[in-house]
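Student: Pasted the sequence and its predicted model underneath.
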Amino acid sequence: MAVHSFLGDLHAATNKFAVRVTLLTKWCTITETMLKKSAMVFGDQQGSTIEATLYEEFEASNLITMDEGDCFEIHNFKVIHASSLTRLTRNRYHIEMTMSSVITKIQPLPYCNYYCFANFENVNRGLYHPKYTIDLYGALVGVGELEIYEEEMVDGIPGGLNHRIHFSLINIELDSKLRSLKTVEKIRTILRFKVAESVMECFSEQMLILLRELFHVTVYVY
């Protein structure tokens with residue numbers, strides 16, 4: 001019998017877990033063996049987050065659509081150690097859903113804040129680990145065009161083509177007079193980012209729509 005657990009209590013010793021989670025982010029990616037899968041980030045009522053994977057054929061077999069913002073109860077999934085080079089959460093584990101997983105859409109869970117916004121000065125000083133993504137809240141002052149670029153070769157294997165968008169944020173905690181300067185390059189806390197393809201797919205539409213508004217977005221910082 002499955003035991004309902006919080007994400008912070010998961011471990012790889014047993015697979016008899018059931019969780020109730022909110023789907024925070026979802027994007028598609030292709031594995032090295034050319035299998036299509038959905039990568040996700042779940043959050044629970046305690047504010048914990050975890051990355052998860054669901055292969056396309058498994059999602060189709062469950063006859064359920066998993067959309068961002070919806071809540072689900074999930075049974076019969078694997079808990080494996082997180083091993084990706086760049087992580088969207090600090091959870092040491094990763095949820096892998098299989099053909100035997102049971103996914104049921106449920107009523108919305110109580111609101112919980114899943115964001116922990118980074119300090120701009122600490123980012124500028126390089127105090128955050130490059131392995132983990134961070135959350136930032138700021139004012140957009142410009143978004144570049146979608147670019148195609150070639151990734152670096154690894155062990156003699158070509159990296160292939162990827163996509164990126166360059167954009168700038170202003171720290172909204174700065175004095176309003178500084179934020180109103182036309183020459184934004186003079187503001188020391190403006191940051192520039194290269195957005196990895198998986199994150200770009202999730203957020204590029206919002207970025208284009210909300211150019212003049214304040215909002216938060218999870219990004220890769222290089």
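Tutor: Received the coordinates, thanks.
Student: ok, and the closest non-adjacent residue to Asp135?
Tutor: Leaving aside its sequence neighbours, Asp135 sits nearest to Tyr115 (CB to CB, 6 or more residues apart in numbering; 4.5 Å). Every C-beta, even on glycine, is put in place using the N, C-alpha and C of the backbone.
Student: For the one you found, which three-state class applies?
Tutor: coil (DSSP: H, G, I helix; E, B strand; the rest coil).
Student: Counting neighbours, what do you get for it?
Tutor: Other residues near Tyr115 come to 15 when the count uses other CB atoms under 10 Å.
Student: pLDDT value on it, please?
Tutor: Confidence per residue is given as pLDDT, and for Tyr115 that number is 76.
Student: Can you tell me how far it is from Thr25?
Tutor: Look at Tyr115 and Thr25: by CB to CB, to the nearest Å, they are 12 Å apart.
Student: Give me the domain ranges for the protein.
Tutor: With automatic domain parsing serving as the domain definition, the record reports that the chain contains domains spanning 3-106, 120-219.
Student: Now the weakest link among these, please, by mean pLDDT.
Tutor: Mean pLDDT across the domains of the chain is lowest at domain 120-219; the value there is a mean of 57.
Student: For the protein, just list every one of the helices.
Tutor: 56-61, 120-124, 176-179, 197-209 (DSSP state H).
Student: buried stuff in the second one?
Tutor: Buried residues in helix 120-124, counted by 16 or more other CB atoms under 10 Å: 120, 123.
Student: What helices and strands are in contact with that helix?
Tutor: Using 3 or more CB pairs under 8 Å, 6 or more residues apart in numbering; DSSP states H and E as the contact criterion, the elements in contact with helix 120-124 are strand 134-143, strand 191-194.
Student: mind running it again at 6 Å?
Tutor: In terms of contact count using 3 or more CB pairs under 6 Å, 6 or more residues apart in numbering; DSSP states H and E, helix 120-124 is assigned no packing partners among helices or strands.
Student: and Tyr93, how many neighbours does it have?
Tutor: One way to gauge burial is a neighbour count; for Tyr93, by other CB under 10 Å, it gives 19.
Student: Quick one: residues contacting it.
Tutor: Shown in contact with Tyr93 (CB atoms under 6 Å, 6 or more residues apart in numbering): 10, 79, 82.
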